[in-house]
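# curious how this folds, go ahead:
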Amino acid sequence: FGLAADGAPVVEEAARQLHQSMPMSEYERRVFTKHEGESYVEFYHHFLQFRSPSPLAFRRLIGSGIEYSTESRSCVHVGGEHEVGYRCAIGNQVM
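Purely as a prediction, here's the structure:
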């Protein structure tokens, strides 16, 4: 897409400007810091995923004693006497 005046790709420069101008809560400022080597495009993508109306959700639970902790299906726990054994929570995020 071309290069900005400082030699960075235009898309990267646009993501940097969006990052600098977007309003963030105090919590978001603490949680979202750009890591060394992370592009602004990556950072902005992760931030948008966080603000998405469909956050991480475990669609399927496998194993005994594993259940949802909240109605949003974003948190699971193992309860009761089911402390030993294998369990799996299948989510909707792609890494």
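# please enumerate the helices of this structure.
10-21, 26-31, 40-51 (DSSP state H).
# check what contacts the second one and list those residues.
Contacts to helix 26-31, defined as C-beta atoms under 8 Å, 6 or more residues apart in numbering, come from residues 47, 50. From N, CA and C alone the C-beta is placed, and that goes for glycine too.
# residues of it that come out buried?
Within helix 26-31, no residue counts as buried by 16 or more other C-beta atoms under 10 Å.
# and the helices of the chain as a markdown table, adding mean pLDDT and distance to Cys88?
Formatted as a markdown table, the helices of the chain follow (pLDDT from 0 to 100; distance: least, C-beta to C-beta, whole Å):
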| stretch | mean pLDDT | distance to Cys88 |
| --- | --- | --- |
| helix 10-21 | 86 | 35 |
| helix 26-31 | 82 | 27 |
| helix 40-51 | 84 | 22 |
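# for those helices, give me a markdown table that also has distance to Glu67.
As requested, the helices of the chain are exported to a markdown table (distance: least, C-beta to C-beta, whole Å):
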| stretch | distance to Glu67 |
| --- | --- |
| helix 10-21 | 38 |
| helix 26-31 | 27 |
| helix 40-51 | 25 |
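# looking at these, spot the one closest to Ser64.
helix 40-51 (31.6 Å; C-beta to C-beta).
# for the closest one, name the packing helices and strands.
If you count contacts as 3 or more C-beta pairs under 8 Å, 6 or more residues apart in numbering; DSSP states H and E, helix 40-51 packs onto helix 10-21, helix 26-31.
# nearest to Arg60, out of the ones you listed?
For the helices and strands packed on helix 40-51, the distance to Arg60 is smallest for helix 26-31, at 27.1 Å, taking C-beta to C-beta.
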